[in-house]
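>>> any chance you can model this:
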Amino acid sequence: MTRTAVTRISQAYPDRVEVRGQDLCAELMGRLSFTEYFHLLLTGREPTEEQRFFLDLLLVAIAEHGMMPTNVAARMTLAADPGSLQGAVAAGILGCGPVILGTAEACARLLEQAQQRVAAGGDPAVVADEAARAIQASGERLPGFGHPVHHPVDPRAERILQLADEHGVSGGHVLLARCLRDSAARAYGKPLVMNVSMPIAAVLLDLGFEAAAVKAIPILARTAGLLAHLAEEHQDSVGFLMARGAEETVVYERPEQDGRG
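Predicted coordinates:
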């Protein structure tokens, strides 16, 4: 039997566009903010007030962070091809991996697995200890911890947790995130900075988002930041200055000759 391919997101007709079962022009445009519309597109549901508030908050928190590799890659791409705005955005977004931006998804997976163990009767502090020790023993980095700039805390992470408490949305995943901060210090033998990725994942999970959707928020947010950098790059280009800086910083080392002719 041939499977019928379906989409539940949108369909364009000659006289209207339907999105998630609603008329785009008559029911959505002018009523929903972009954040609310993004939630509808992503989940198929309009957000609650708290989901809208925190989705807005997290998009603001992660959209911009200075001359990070994503922005540098985008600027240098646009400098090389000023007509390729879309290519420059793509160059920046392609860097959203397990070190930058993509860590929120890894945090969500870690918290989700830990929460399953808690739901089965485990103590959150013990579960966090075991998870941190296992990751440390494997030689891997603990997702959501460590930052090259922010010390001793990531102010964005602390603000997210503060607002989650104030709005009463801190649940089991936020509790586990806090337990992991203490467990990380014990497992690695020193305090580790909880970076913004961990509370992003924890709050989204406590608000009912799926772990698979968590990575979408940093990608959407950073796209806005990239567009700002690229607008500035058109006005005052620094892409080739960055390339020159790399040439000046990275030293060429001649390979040793092994005597073979």
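>>> which ones are touching the spatially most central residue of the chain?
Per Cα atoms, centre = their mean, the C-alpha nearest to the average position across the chain is that of Pro218, at 3.1 Å. Contacts for Pro218 (Cβ atoms under 8 Å, 6 or more residues apart in numbering) come out as 62, 96, 101-102, 104, 197, 200. Using the backbone N, CA and C atoms, a C-beta is placed for each residue, glycine as well.
>>> for the nearest residue to Glu18 once chain neighbours are set aside, phi and psi?
With sequence-adjacent residues excluded and distances taken as Cβ to Cβ, 6 or more residues apart in numbering, Glu18 is closest to Gln11, at 5.2 Å. The phi/psi pair for Gln11 (degrees, to the nearest 10) reads phi -150, psi 130.
>>> what's the local residue count around Gln11?
10 (other Cβ atoms under 10 Å).
>>> I figured it hits Arg20, correct?
No - counting by Cβ atoms under 8 Å, Gln11 stays clear of Arg20, with 10.3 Å between them.
>>> about what we covered before: neighbour count and distance to Ala79 added to the contacts of Pro218, as CSV?
Shown next, in CSV, are the contacts of Pro218 (neighbours: other Cβ atoms under 10 Å; distance: Cβ to Cβ, whole Å):
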residue, neighbour count, distance to Ala79
Ile62, 23, 25
Cys96, 19, 21
Leu101, 25, 22
Gly102, 18, 25
Ala104, 29, 29
Ser197, 28, 29
Ile200, 31, 31
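>>> tell me the secondary structure for the residue nearest to the centre of the chain?
Of the three states, Pro218 takes helix according to DSSP: H, G, I helix; E, B strand; the rest coil.
>>> and what of Arg244?
Per three-state DSSP, the secondary structure class of Arg244 is helix.
>>> repeat for Gly122
What three-state DSSP gives for Gly122 is coil.
>>> what distance do you get for it to Gly172?
11 Å (Cβ to Cβ, to the nearest Å).
>>> what's the helix or strand for Glu256?
Assigned by DSSP states H and E, Glu256 belongs to no helix or strand.
>>> give me the pLDDT value at it.
If you check Glu256, the pLDDT there is 84.
>>> re the thing from before, any idea how far the closest residue to the residue nearest to the centre of the chain other than its chain neighbours is from Ile219?
Distance criterion Cβ to Cβ, 6+ apart; nearest residue to Pro218, sequence neighbours excluded, is Leu101 at 4.2 Å. From Leu101 across to Ile219, the span is 7 Å (Cβ to Cβ).
>>> list the contacts of Glu50.
Counting by Cβ under 8 Å, 6+ apart, Glu50 has contacts 167, 169, 207.
>>> among those residues, which one lies nearest to Glu112?
Nearest to Glu112 among the contacts of Glu50, counting by Cβ to Cβ, is Leu207 at 13.7 Å.
>>> how many neighbours does the nearest residue to that closest one once chain neighbours are set aside have?
Excluding the flanking residues, the one nearest Leu207 by Cβ to Cβ, 6+ apart is Gln51, at 5.2 Å. Other residues lying near Gln51 total 20 when counted by other Cβ under 10 Å.
>>> and for Gly92, nearest residue in space, chain neighbours not counted?
Ala74 (3.4 Å).
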